[in-house]
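> can you look at this prediction? I've put the sequence above it.
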Amino acid sequence: VHGGQQNTRAALDALQARDVSPHTLLVGGESAGAVAAGFWAREIGDRWPNAQLIVIGDAAGGYRSRATNALLEQWGVLDDLPDVPVYQDRQRVYFESFYVAAAQRHRTARLGEVNYANDAVQRRFMAMLGTPVTQLAKPPFAG
């Protein structure tokens, strides 16, 4: 059983128990970690609302396929999402939805994704999702 959510919450609880008041929070991740950075940004910002929230995702913005929703469902992610507008239609929640939810909740947050148009790993992942692409330019959702 994967315990990522429990482990992350335990780490955030431990930090919050230290009663720190950070000025700036940097949440970052690469590849699958970039998806997690967007996912956790909303809660991290909620826990420290007076801090400037900065979120940087590297090498995951190319995963623009409707098939990612099925992955989120399979992983159980859709079951525990908060009741916010971007998550209302659970069949239309994608990796980018996490960044949108964080931005809607934390209006002064700075969020960004960094990607390389010829990232072979992301192109291979898109092909596995049934949405092969030759370049990772930001097209409309495929699939």
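Looks like it came in fine.
> the longest helix along the chain packs against which elements?
The longest helix of the chain (DSSP state H) is helix 32-47. On a contact count with 3 or more Cβ pairs under 8 Å, 6 or more residues apart in numbering; DSSP states H and E, helix 32-47 meets helix 4-17, strand 24-30, strand 52-58, helix 95-105, strand 110-114. No exception for glycine: its C-beta is placed from N, CA and C like everyone else's.
> what helices or strands is the second one leaning on?
In terms of contact count using 3+ Cβ pairs under 8 Å, 6+ apart, strand 24-30 is assigned the packing partners helix 32-47, strand 52-58.
> for G4, which non-adjacent residue is spatially closest?
In space, and not counting its chain neighbours, G4 is closest to A36: 7.6 Å by Cβ to Cβ, 6 or more residues apart in numbering.
> right, I mislabeled it, should have said R110
I54 is the one closest to R110 (Cβ to Cβ, 6+ apart), at 4.8 Å.
> what sits against the one you found?
For I54, the contacting residues are T24, L25, L26, V27, A109, R110, L111, by Cβ atoms under 8 Å, 6 or more residues apart in numbering.
> quick one: the third one and I56 touch, right?
Going back to what we said before, that points to L26. Yes - using Cβ atoms under 8 Å, L26 is in contact with I56, at 7.2 Å.
> quick one: which of the two has more around it?
Set L26 next to I56 and count neighbours by other Cβ atoms under 10 Å: I56 wins out with 17 against 14.
> ok now the helix or strand in which A70 is found, how far from the chain's centre?
Here A70 is covered by helix 67-75, with elements defined by DSSP states H and E. Taking the mean of its C-alpha atoms, helix 67-75 sits 13 Å from the chain's own mean (Cα atoms, centre = their mean, to the nearest Å).
> for that helix, which outside residues touch it?
Outside helix 67-75, the residues that touch it by Cβ under 8 Å, 6+ apart are L78, R90, Q91, R92, V93, Y94, F95, L129, G130, T131, G143.
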